[in-house]
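Q: Let me see the structure of the following:
(2 chains)
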Amino acid sequence: QKEVEQNSGPLSVPEGAIASLNCTYSDRGSQSFFWYRQYSGKSPELIMFIYSNGDKEDGRFTAQLNKASQYVSLLIRDSQPSDSATYLCAVNTHSGGYQKVTFGTGTKLQVIP
Amino acid sequence: DAGVIQSPRHEVTEMGQEVTLRCKPISGHNSLFWYRQTMMRGLELLIYFNNNVPIDDSGMPEDRFSAKMPNASFSTLKIQPSEPRDSAVYFCASSPRTVKTQYFGPGTRLLVL
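A: Predicted coordinates:
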């Protein structure tokens, strides 16, 4: 089992719809969770992070974390064509006083005008 | 702030040659990460440094790869000898002490012929 799993997609949604991106992780000790957006040919950029169970909202983005189910998701409301990108889930685990970050392989999102 | 700086941005070399990738992290950040990204394997952590000390190099593929961080503002990733399967985009990222988010550089696109 991979440490961080994402559906590779592509996930296609119409403009204005809600896009739902999902991620599961295997290490129950994981403490921090991040969503990065990567446009084609560009570097990943952080869009959201979450540490506690529940929802965290930032503009059109909502991150949801359920540690019991080892599940983290990203919702994008009112999806725009400019949201079309690959979304990477990253999980940060502290071990021996240091951090280890593992990325999923990413979900490609296509927002159709 | 200029962000994470990487050089060169593109590198084309022949099999067997030595390749050196360079990274300047964001000033004040105490952690530095080297990643490799390919279509097949996604974003893989190669090595990370904390306060200039290598912490986890378990992702380094083999002895042909080496990384150094002689001071807080500079790191290198060296491949010697290079092979065609090393062709990928190599990202450097840095992270501040208090918040475990990572800031990525623009990447070096390496092609080994």
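Q: check contacts around the residue nearest to the spatial centre of chain B.
A: By Cα atoms, centre = their mean, chain B has its centre lying nearest to residue B:34, at 3.3 Å. By Cβ atoms under 8 Å, 6 or more residues apart in numbering or on different chains, residue B:34 lies in contact with B:23, B:45-48, B:67, B:75, B:77, B:90-92. Every C-beta, even on glycine, is put in place using the N, C-alpha and C of the backbone.
Q: want to throw those into CSV with pLDDT?
A: Listed next are those as CSV, based on pLDDT from 0 to 100:
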residue, pLDDT
B:23, 98
B:45, 90
B:46, 94
B:47, 93
B:48, 90
B:67, 97
B:75, 98
B:77, 98
B:90, 98
B:91, 98
B:92, 97
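Q: which among those residues gets closest to residue B:110?
A: Set against residue B:110, the nearest of the contacts of residue B:34 by Cβ to Cβ is residue B:90 (6.1 Å).
Q: Around chain B, which positions in chain A sit nearby?
A: For chain A, the residues in contact with chain B (Cβ under 8 Å from any Cβ of the partner chain) are A:32, A:34, A:42-46, A:49, A:88, A:90, A:92, A:98-106.
Q: same thing but at 6 Å, please
A: Contact residues (Cβ under 6 Å from any Cβ of the partner chain) of chain A with chain B: A:32, A:43-44, A:46, A:49, A:92, A:98-99, A:103, A:105.
Q: could you flag which of these are buried?
A: A:32, A:43-44, A:46, A:49, A:92, A:99, A:103, A:105 (16 or more other Cβ atoms under 10 Å in any protein chain shown).
Q: quick one: least confident of the residues you listed?
A: Ranked by pLDDT, those bottom out at residue A:99, which has 70.
Q: Mind giving me the packing neighbours of the helix or strand hosting that one?
A: Using DSSP states H and E, residue A:99 maps to strand A:98-103. The elements that strand A:98-103 packs onto, with contact taken as 3 or more Cβ pairs under 6 Å, 6 or more residues apart in numbering or on different chains; DSSP states H and E, are strand A:85-95.
Q: Just the CA trace of the strand it packs on, in CSV.
A: Coordinates of each C-alpha in strand A:85-95 appear next as CSV, following Å, rounded to 0.1, in the frame of the first residue of the first chain:
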residue,chain,number,x,y,z
ALA,A,85,-4.2,21.7,-12.8
THR,A,86,-2.8,18.7,-10.9
TYR,A,87,-3.5,18.7,-7.2
LEU,A,88,-1.0,17.0,-4.9
CYS,A,89,-1.8,15.8,-1.4
ALA,A,90,1.2,15.8,1.0
VAL,A,91,1.4,14.3,4.4
ASN,A,92,3.9,15.4,7.0
THR,A,93,4.9,13.0,9.8
HIS,A,94,7.2,13.8,12.7
SER,A,95,9.6,11.0,13.5
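Q: Which residues outside it are in contact with it?
A: The contact list for strand A:85-95 (Cβ atoms under 6 Å, 6 or more residues apart in numbering or on different chains) reads A:4, A:6, A:21, A:23, A:25, A:27, A:29-34, A:36-39, A:44, A:99-104, A:106-108, B:100.
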